[in-house]
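**Q** Could you work out the structure for the sequence below:
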Amino acid sequence: MHDDQACPYCDTAELRRDAFVLENDHCLLSIKPSETGALEGAGIIVPKAHRPTVFDLTPQEWTATQDLLMQARAYLDAVIAPDGYNAGWNVGAVGGQHVMHAHFHVIPRFRDEPLAGRGIRSHLKAVENRRPG
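**A** Residues are numbered from 1 along each chain as shown. A predicted model of the protein is given here:
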C-alpha cells in the first residue's frame with residue numbers, strides 16, 4: 001500500500017507552488033524556477049496517480065505524458081527558445097531516480113552552456129563507468 005503523504009510528487013499543490021503548470025486528466029507538468037541558475041526551464045511531467053516507475057504507467061498516462069511533452073515544448077520554444085532538449089526517465093535508485101514516483105524530465109539545452117553537446121548518456125559511456133571485471 002502506498003502512503004501519499006510520504007511522496008512529494010503525490011502532493012500536486014506543492015508541484016503547482018511557484019511553478020508554470022500544464023495538466024490534463026492523467027498528468028501534470030511542473031516547471032519551477034531554477035534554484036541554482038542552471039537548468040533554466042527544466043520541468044517534470046508526473047502522473048497524478050502514484051506510479052513508482054515509467055514501467056507502471058497506464059496507456060492513458062503514456063498518452064497524457066506525450067500530450068504534455070508537446071505542450072511543454074511549444075511553451076518553452078516560445079518563451080526561452082532553447083537550442084535543444086534532453087528528455088527522459090530515470091528508473092530505480094541505481095538509474096538515478098531519487099523520488100520513487102514516475103517523472104519524465106524535460107530539460108531545455110542551450111549552445112552557450114559549458115556542457116552543451118553532452119547528452120543523457122555521455123557520463124554513462126565514460127571509461128570511469130566501466131563495470132569491474
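
**Q** can you pull out the helices in this protein?
**A** Using DSSP state H, the helices of the chain run over residues 12-16, 59-79.

**Q** need the contact list for Asp56.
**A** Asp56 makes contacts with Ala102, as judged by Cβ atoms under 8 Å, 6 or more residues apart in numbering. Bear in mind the C-beta positions are built from the backbone N, C-alpha and C, glycine included.

**Q** who's the spatially most central residue of the chain bridged to?
**A** Most central in the chain under Cα atoms, centre = their mean is His105, positioned 1.7 Å from the mean C-alpha point. Counting by DSSP bridges, His105 is bridged to Ile44, Gly88.

**Q** Pretty sure it sits against Asn86.
**A** Yes. Using Cβ atoms under 8 Å, His105 is in contact with Asn86, at 7.0 Å.

**Q** Roughly how far does Leu39 sit from Leu115?
**A** Distance of Leu39 to Leu115, computed by Cβ to Cβ, to the nearest Å: 11 Å.

**Q** ugh, typo on my part, it should be Gly92
**A** Using Cβ to Cβ, Gly92 is found at 24 Å from Leu115.

**Q** Equivalent analysis for Pro33, please.
**A** Counting by Cβ to Cβ, the gap between Pro33 and Leu115 amounts to 20 Å.
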